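Visitor: Predicted structure and sequence below. I'll ask about it afterward.
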Amino acid sequence: MIAETICSAVSAAGLGIAAITAYRRRFLAATRIAAYSLVPIGLVLTGAVEWAVDTAFSPTAWVGFGLLGGSWLLFMTTRAVERRSGITSRKDRKAAKTAQRDAVAPAASAPSLGGSGRAAARPAERPKASGSGAGDDFSDIEAILKKHGI
């Protein structure tokens, strides 16, 4: 009863504002305001407001909303974990493997493929230079400085 009264008052106020706007010769804005102000009274007359009020005070409805929210939370959590960890279906993994193999032209020679797949995936080890371990770290830097004459 109170909800219907409030919706009726809101509609009446909206129609009053629409009338004032139309008086100022802003007919398009007045028509929009009138359309918005008729929505609450339309909801009252269709029974949507009564249903919403009955639902709002029903413990069974709140448990249902809680279960819907919990299921949505679980669904979104699993999607986030799936995206983070890169877990995909077997079909997706096979497609990715095929795409990786087809990345090189089919008529390419063996050296462009990088030899065997595993050897190309690992970086080649550098030969160890003689000297202390600290000197090895700066050997690349020294070579660059010598190249530029510094």
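Guide: Right, received. Where do you want to start? Residues are numbered from 1 along each chain as shown.

Visitor: Quick check: next helix or strand after the host helix or strand of Gly69?
Guide: Assigning secondary structure by DSSP states H and E places Gly69 in helix 59-85. As assigned by DSSP H and E, the chain's next helix or strand after helix 59-85 is helix 90-101.

Visitor: one step back: let me see the mean pLDDT of the helix holding Gly69.
Guide: Averaging pLDDT along helix 59-85 yields 89.

Visitor: and it, how far from the chain's centre?
Guide: The chain centre lies 16 Å from the centre of helix 59-85; the measure is C-alpha atoms, centre = their mean, to the nearest Å.

Visitor: show me where pLDDT drops low in this protein?
Guide: Across the chain, the stretches falling below the confidence threshold (pLDDT under 70) are 87-89, 93, 102-136.

Visitor: Hmm, Ala52 and Glu4 touching each other?
Guide: No. Contact between Glu4 and Ala52 fails when scored by C-beta atoms under 8 Å: they sit 11.3 Å apart. Any C-beta I mention is one placed from the backbone N, CA and C, and that applies to glycine too.

Visitor: quick one, which of those two is more surrounded?
Guide: For Glu4 and Ala52, the more surrounded residue by other C-beta atoms under 10 Å is Glu4, and the numbers stand at 16 against 13.

Visitor: burial of the nearest residue to that one once chain neighbours are set aside, as a residue count?
Guide: Nearest-residue entry for Glu4: Val44, 4.8 Å, with adjacent residues in sequence omitted and distances by C-beta to C-beta, 6 or more residues apart in numbering. Residues lying near Val44 (other C-beta under 10 Å) number 18.

Visitor: for Cys7, same thing?
Guide: 19.

Visitor: Which helix or strand lies directly C-terminal to the host helix or strand of it?
Guide: Per DSSP H and E: Cys7 is located in helix 2-23. Counting by DSSP H and E, the next helix or strand C-terminal to helix 2-23 is helix 27-46.
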